[in-house]
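**Q** Provide a 3D model corresponding to the input given below.
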Amino acid sequence: MNHFHRKLYPLASIAAGVCTLAVALPAAAVDLKTADGAWTFSIDGNVNVDYIYSNCESASSVKPVVTIGGACTGTASGSSVSSVANGLLPAAFSFGVATTQADIDLAAHLGLYPGIATNDGGSPNLQQTAGGTTNVALGTTGLDVRQVYMTFGNKDIGTFTLGRNFGLFGFDAIISDMTLLGVGVGGAASGPSPANTTLGSIGFGYIYTDTLGQMNYTTPDFNGANLTLGIFEPVNSLTEPGTAAGKKAPGFHGKLAWKGTFGDVKVSLSATGIEQQQDYDLTATTSGSFQSVGGDVFAKVDIGGLSLMASGYDGKGLGTTGLFFLADDGHGNGRPSNGFLVQATYTVDQVKFGVNYGVSRLAFANQADRLATPFLLSENAKVTGGVYYNLTKNLTLLGEVSWVQTTAHFDSSLNNNTSVDGNIGAFLAF
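**A** Reported below is the predicted structural model:
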């Protein structure tokens, strides 16, 4: 239903990870070199903490919506939830090693992402026990190892990336989301068993990029443009029929990106494609498959203190919120989905003000799907307003408020749940 009791996304987090999403962080805060200067070791990361308050749809008025993530819903005990937790990103400690040999730049990276939520559920991002039984005294937090990869290449031949790292689809949207340093939509933080991260705008404008095993190649820059092509570990669909089977082919991602500067104006554009075949076994002698395909576009313009961003995605068999979540009808027929996120921020001295609006939609695969699952998610929508104050170069204090609505297909004017998330916190980057 519309309770998101399992946290899927540490974006690190979410991407913060991003590039480590930590893309938002200063690069290589600490560099150490070997005695001969041949190797450089680095560490950077963040620690972030937020107080999160959610005013959820009351138990007496909650509507049935089949979804992953969405507006939070209350219980018999009440509709208000408080937590002290990480935001969209978990904490991050990213270790790197780099050298140059035979004019080839070599590097390896390991990203460790601990949370602060009590989490004994097996995975720091997927609480395994419903009802809050993992969030008890004498518990401990979890450690998320989401990145381990190598790179090699140079500016003339391009760069190869091999290992587990963030994917290409949905990446630019999440790393440009202003709630990356904050909370956005509360997600699991609005329930009894918080996971390590919140949703931000995941499932409310874009699908989580995720960390995936991959082998990809990025061309050198050509007048600000480059192309990345790669094969990725194929991920099982959450709703495919029968039993998930080994995939006959990898997933394929491709991305074309361009950046340019015109005086005081900076422009970033990208377009990404994703394709993967889902294979499954129905019996010992019968099987099935369906194709998951989609793409996204992204644009960002910076003019002085003003930053404008827009992104959108469209696909079939991609699902919503996470890759291949609710992607098909349970009979191997892909569901169409699409969404967009628009955002404006303005920075004055040490303070950034921002607002973003995101929508994710999911459609029925066919008429039979409509009859079988009438309360399937139709639309997740949210508006977030935020203020981010750089108290020092590395410490940001922030506050956000998000209005959230989750709507079912059946009688959408009545079958919707709304909630409000508010948070204050601090983000220390190093």
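
**Q** Does residue 179 fall in a helix, a strand, or a coil region?
**A** Following DSSP: H, G, I helix; E, B strand; the rest coil, residue 179 is assigned to helix.

**Q** Let me know the distance separating it from residue 205.
**A** 10 Å (C-beta to C-beta, to the nearest Å). From N, CA and C alone the C-beta is placed, and that goes for glycine too.

**Q** Spell out the residue ranges of the helices in the stretch 151-300 of the chain.
**A** 171-175 (DSSP state H, counting those that start in this stretch).

**Q** and what of the stretch 1-150 of the chain?
**A** 17-20.

**Q** Output the below-cut-off pLDDT ranges for it.
**A** 1-29, 120-133 (pLDDT under 70).

**Q** picking that back up, find residues that contact each of residue 179 and residue 205.
**A** residue 356 (C-beta atoms under 8 Å, 6 or more residues apart in numbering).

**Q** center of this structure, which residue is that?
**A** residue 208 (3.5 Å; C-alpha atoms, centre = their mean).

**Q** Hmm, that one is touching residue 319, no?
**A** No: contact criterion C-beta atoms under 8 Å: residue 208 and residue 319 do not qualify, at 10.3 Å.

**Q** one step back: and the residue nearest to the centre of the chain, how close does it get to residue 389?
**A** On the measure of C-beta to C-beta, residue 208 and residue 389 end up 28 Å apart.

**Q** How about residue 97?
**A** Residue 97 is 35 Å from residue 389, by C-beta to C-beta.

**Q** before we move on, what about residue 186?
**A** For residue 186, the distance to residue 389 (C-beta to C-beta) stands at 22 Å.

**Q** And residue 134, by the same measure?
**A** Relative to residue 389, and taking C-beta to C-beta, residue 134 is found at 34 Å.

**Q** Check residue 161 too.
**A** From residue 161 to residue 389 the distance is 35 Å (C-beta to C-beta).

**Q** How many neighbouring residues does residue 178 have?
**A** Residue 178: 25 surrounding residues under other C-beta atoms under 10 Å.

**Q** Please apply the same query to the one 3 residues further on.
**A** Residues contacting residue 181 under the criterion other C-beta under 10 Å number 26.

**Q** excluding its backbone neighbours, what's nearest it?
**A** Counting by C-beta to C-beta, 6 or more residues apart in numbering, residue 181 lies nearest to residue 427, which is 4.6 Å off, once chain neighbours are set aside.

**Q** what do you get for residue 342?
**A** residue 310 (4.9 Å).

**Q** beta partners for that neighbour?
**A** Residue 310 has these beta-bridge partners by DSSP bridges: residue 299, residue 342.

**Q** same thing with residue 287?
**A** residue 281.

**Q** so how far is residue 52 from it?
**A** 44 Å.

**Q** same check, this time on residue 58
**A** Applying C-beta to C-beta to residue 58 and residue 52 gives a distance of 19 Å.

**Q** next one: residue 174
**A** For residue 174 relative to residue 52 (C-beta to C-beta), the value is 19 Å.

**Q** now residue 187
**A** Counting by C-beta to C-beta - residue 187 and residue 52 are separated by 10 Å.

**Q** Which one of these two is surrounded by more residues?
**A** residue 187 (31 against 25).

**Q** Please name the spatially closest residue to that one (chain neighbours excluded).
**A** Residue 187 sits nearest to residue 199 (C-beta to C-beta, 6+ apart), 3.8 Å away.

**Q** shouldn't that neighbour be in contact with residue 186?
**A** Yes: counting by C-beta under 8 Å, residue 199 touches residue 186, with 7.1 Å between them.

**Q** and stretch 60-78, how far out from the chain's middle?
**A** Its chain's C-alpha centre and that of stretch 60-78 lie 22 Å apart, by C-alpha atoms, centre = their mean, to the nearest Å.

**Q** quick one, which of residue 186 and residue 389 is more surrounded?
**A** Taking other C-beta under 10 Å, residue 186 and residue 389 do not tie; residue 186 has more neighbours (32 against 14).

**Q** Isn't the more buried one up against residue 71?
**A** No: contact criterion C-beta under 8 Å: residue 186 and residue 71 do not qualify, at 9.6 Å.

**Q** Give me the common contacts of the two.
**A** Shared contacts of residue 186 and residue 71, counting by C-beta under 8 Å, 6+ apart, come down to residue 419.

**Q** Spit out the contact partners of residue 258.
**A** 224, 225, 226, 267, 268, 269, 270.

**Q** How about the third one, nearest residue that isn't a chain neighbour?
**A** Nearest residue to residue 226 in three dimensions, chain neighbours excluded: residue 219, at 5.0 Å (C-beta to C-beta, 6+ apart).

**Q** go on, the fifth one?
**A** Leaving aside its chain neighbours, residue 268 sits nearest to residue 300 (4.4 Å; criterion: C-beta to C-beta, 6+ apart).

**Q** Mind pulling up the pLDDT for the one you found?
**A** On the pLDDT scale, residue 300 is placed at 98.

**Q** cool, and residue 380?
**A** The model's pLDDT for residue 380 equals 97.

**Q** Return the set of residues that bridge with it.
**A** With DSSP bridges as the rule, residue 380 is bridged to residue 360, residue 406.
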